[in-house]
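[1] show me how the following folds:
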Amino acid sequence: MIVREAETGDELAAVTASAIATLRHTYRPTAAAIARARPSRRLVAVARGEIVGTLEYDGGHVVGLFVHADHRRRGVARALLAALGPRELSLFTIRETGNVPIFVRLGFAVVREELATDYVSDVYAQLHEVHMLRAAF
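    You can find the predicted model right below:
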(Lines give C-alpha, C1' and ligand atoms only; values in the text may rest on other atoms or scores of the structure.)
Protein backbone atom coordinates (compact mmCIF):
# COMPACT_ATOMS: atom_id res chain seq x y z
CA MET A 1 0.00 0.00 0.00
CA ILE A 2 1.19 3.50 -0.86
CA VAL A 3 0.08 6.64 0.99
CA ARG A 4 0.51 9.94 -0.83
CA GLU A 5 -0.94 13.43 -1.04
CA ALA A 6 -4.17 13.53 -3.03
CA GLU A 7 -3.81 14.79 -6.57
CA THR A 8 -6.20 16.59 -8.87
CA GLY A 9 -8.10 13.91 -10.72
CA ASP A 10 -7.99 11.32 -7.93
CA GLU A 11 -11.34 9.53 -7.84
CA LEU A 12 -12.37 9.76 -4.19
CA ALA A 13 -16.15 9.53 -4.49
CA ALA A 14 -16.39 5.73 -4.19
CA VAL A 15 -14.23 5.60 -1.03
CA THR A 16 -16.02 8.49 0.62
CA ALA A 17 -19.49 7.20 -0.29
CA SER A 18 -18.69 3.71 0.99
CA ALA A 19 -17.28 5.01 4.27
CA ILE A 20 -20.02 7.55 4.88
CA ALA A 21 -22.88 5.17 3.98
CA THR A 22 -22.59 3.30 7.28
CA LEU A 23 -22.26 6.55 9.25
CA ARG A 24 -25.30 8.21 7.69
CA HIS A 25 -27.51 5.54 9.24
CA THR A 26 -26.49 7.06 12.58
CA TYR A 27 -26.03 10.79 11.99
CA ARG A 28 -25.63 13.60 9.49
CA PRO A 29 -24.19 17.12 9.80
CA THR A 30 -26.49 20.12 9.99
CA ALA A 31 -26.49 22.71 7.21
CA ALA A 32 -24.69 25.11 9.56
CA ALA A 33 -21.90 22.57 10.15
CA ILE A 34 -21.48 22.01 6.42
CA ALA A 35 -21.34 25.78 5.81
CA ARG A 36 -18.50 26.13 8.38
CA ALA A 37 -16.35 23.44 6.76
CA ARG A 38 -12.90 24.69 5.80
CA PRO A 39 -10.65 23.44 3.03
CA SER A 40 -8.19 20.85 4.25
CA ARG A 41 -5.34 18.76 2.90
CA ARG A 42 -5.91 15.17 1.93
CA LEU A 43 -3.90 11.96 1.81
CA VAL A 44 -4.92 8.86 -0.12
CA ALA A 45 -4.05 5.20 0.41
CA VAL A 46 -3.61 3.26 -2.81
CA ALA A 47 -3.58 -0.55 -3.01
CA ARG A 48 -3.18 -2.35 -6.33
CA GLY A 49 -3.79 0.88 -8.20
CA GLU A 50 -7.08 1.60 -6.41
CA ILE A 51 -7.72 4.33 -3.85
CA VAL A 52 -8.95 2.47 -0.76
CA GLY A 53 -8.82 5.19 1.87
CA THR A 54 -8.47 8.91 2.37
CA LEU A 55 -7.64 11.18 5.28
CA GLU A 56 -8.51 14.87 5.44
CA TYR A 57 -6.44 16.96 7.85
CA ASP A 58 -5.77 20.52 8.85
CA GLY A 59 -2.42 20.75 10.62
CA GLY A 60 -2.61 18.23 13.47
CA HIS A 61 -6.38 17.85 13.34
CA VAL A 62 -7.95 14.91 11.51
CA VAL A 63 -11.03 16.26 9.76
CA GLY A 64 -12.13 12.99 8.18
CA LEU A 65 -10.81 9.45 7.89
CA PHE A 66 -12.52 7.26 5.31
CA VAL A 67 -11.76 3.65 4.42
CA HIS A 68 -13.75 1.81 1.76
CA ALA A 69 -15.90 -0.87 3.41
CA ASP A 70 -14.24 -3.62 1.33
CA HIS A 71 -10.81 -2.68 2.71
CA ARG A 72 -11.47 -2.22 6.43
CA ARG A 73 -9.38 -4.03 9.07
CA ARG A 74 -6.41 -4.19 6.69
CA GLY A 75 -4.29 -1.39 8.14
CA VAL A 76 -5.47 1.37 5.80
CA ALA A 77 -6.44 3.82 8.56
CA ARG A 78 -3.24 3.07 10.50
CA ALA A 79 -1.12 3.71 7.36
CA LEU A 80 -2.90 7.00 6.65
CA LEU A 81 -2.37 8.22 10.22
CA ALA A 82 1.26 7.08 10.22
CA ALA A 83 1.88 9.18 7.11
CA LEU A 84 1.14 12.29 9.19
CA GLY A 85 4.23 11.49 11.23
CA PRO A 86 4.87 11.32 14.96
CA ARG A 87 3.05 14.55 15.84
CA GLU A 88 0.14 15.08 18.18
CA LEU A 89 -3.19 14.55 16.43
CA SER A 90 -6.74 15.41 17.42
CA LEU A 91 -10.13 14.49 16.04
CA PHE A 92 -13.83 14.53 16.83
CA THR A 93 -16.13 11.55 16.39
CA ILE A 94 -19.71 10.70 17.27
CA ARG A 95 -19.93 8.10 20.05
CA GLU A 96 -23.06 6.47 18.62
CA THR A 97 -21.18 5.39 15.46
CA GLY A 98 -19.11 2.93 17.49
CA ASN A 99 -15.88 4.54 16.23
CA VAL A 100 -14.44 5.50 19.64
CA PRO A 101 -12.98 2.00 20.28
CA ILE A 102 -11.52 1.98 16.76
CA PHE A 103 -9.71 5.25 17.38
CA VAL A 104 -8.53 3.99 20.79
CA ARG A 105 -6.91 1.02 18.99
CA LEU A 106 -5.26 3.58 16.68
CA GLY A 107 -3.63 5.28 19.66
CA PHE A 108 -6.17 8.01 20.49
CA ALA A 109 -7.57 8.72 23.94
CA VAL A 110 -10.82 10.43 24.88
CA VAL A 111 -10.26 14.01 26.07
CA ARG A 112 -13.88 15.03 26.57
CA GLU A 113 -17.42 14.25 25.51
CA GLU A 114 -20.40 16.57 25.12
CA LEU A 115 -23.77 16.70 23.41
CA ALA A 116 -23.34 17.15 19.67
CA THR A 117 -24.94 20.32 18.38
CA ASP A 118 -23.77 20.15 14.76
CA TYR A 119 -25.26 16.74 13.99
CA VAL A 120 -28.71 15.21 13.89
CA SER A 121 -29.97 11.64 13.83
CA ASP A 122 -33.10 9.81 12.77
CA VAL A 123 -32.14 7.00 15.16
CA TYR A 124 -30.94 8.73 18.35
CA ALA A 125 -32.65 11.54 20.25
CA GLN A 126 -29.23 12.85 21.29
CA LEU A 127 -25.76 12.39 19.86
CA HIS A 128 -22.48 12.74 21.73
CA GLU A 129 -19.40 14.32 20.18
CA VAL A 130 -16.14 12.90 21.48
CA HIS A 131 -12.89 14.86 21.28
CA MET A 132 -9.91 12.52 21.02
CA LEU A 133 -6.16 13.09 21.09
CA ARG A 134 -3.15 11.02 20.08
CA ALA A 135 0.09 12.09 21.73
CA ALA A 136 3.19 12.58 19.63
CA PHE A 137 5.42 9.53 19.59
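[2] how about the residue nearest to Phe108 when sequence neighbours are not counted, what does it touch?
    In space, and not counting its chain neighbours, Phe108 is closest to Met132: 4.1 Å by C-beta to C-beta, 6 or more residues apart in numbering. Yep, even glycine has a C-beta here, placed from its N, CA and C like the rest. Residues near Met132 by C-beta atoms under 8 Å, 6 or more residues apart in numbering: Ser90, Leu91, Phe92, Thr93, Val100, Phe103, Phe108, Ala109, Val110, Val111.
[3] could you pick out the buried ones from those?
    Among these, those classed as buried by 16 or more other C-beta atoms under 10 Å are Leu91, Thr93, Val100, Phe103, Phe108.
[4] among those residues, which are in strands?
    Counting by DSSP state E, those place Leu91, Thr93 in strands.
[5] export the buried ones among the contacts of Met132 to JSON lines and tack on pLDDT?
    Shown next, in JSON lines, are these (pLDDT from 0 to 100):
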{"residue": "Leu91", "pLDDT": "98"}
{"residue": "Thr93", "pLDDT": "97"}
{"residue": "Val100", "pLDDT": "98"}
{"residue": "Phe103", "pLDDT": "97"}
{"residue": "Phe108", "pLDDT": "98"}
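[6] so is the residue nearest to Phe108 in a helix, a strand, or just coil?
    Using DSSP: H, G, I helix; E, B strand; the rest coil, the secondary structure recorded for Met132 is strand.
[7] what's across from it in the sheet?
    The partner list for Met132 in beta bridges (DSSP bridges) reads Leu91, Val110.
[8] at the geometric centre of this protein, which residue sits there?
    For the chain, the residue nearest the mean C-alpha position is Leu65 (2.4 Å; C-alpha atoms, centre = their mean).
[9] so where does it fall, helix or strand?
    Assigned by DSSP states H and E, Leu65 belongs to strand 61-67.
[10] quick one: list the elements packing against the helix or strand that that strand is followed by.
    Going down the chain from strand 61-67, the next helix or strand is helix 76-82, by DSSP H and E. Judged by 3 or more C-beta pairs under 8 Å, 6 or more residues apart in numbering; DSSP states H and E, helix 76-82 is in contact with strand 2-5, strand 41-47, strand 50-58, strand 61-67.
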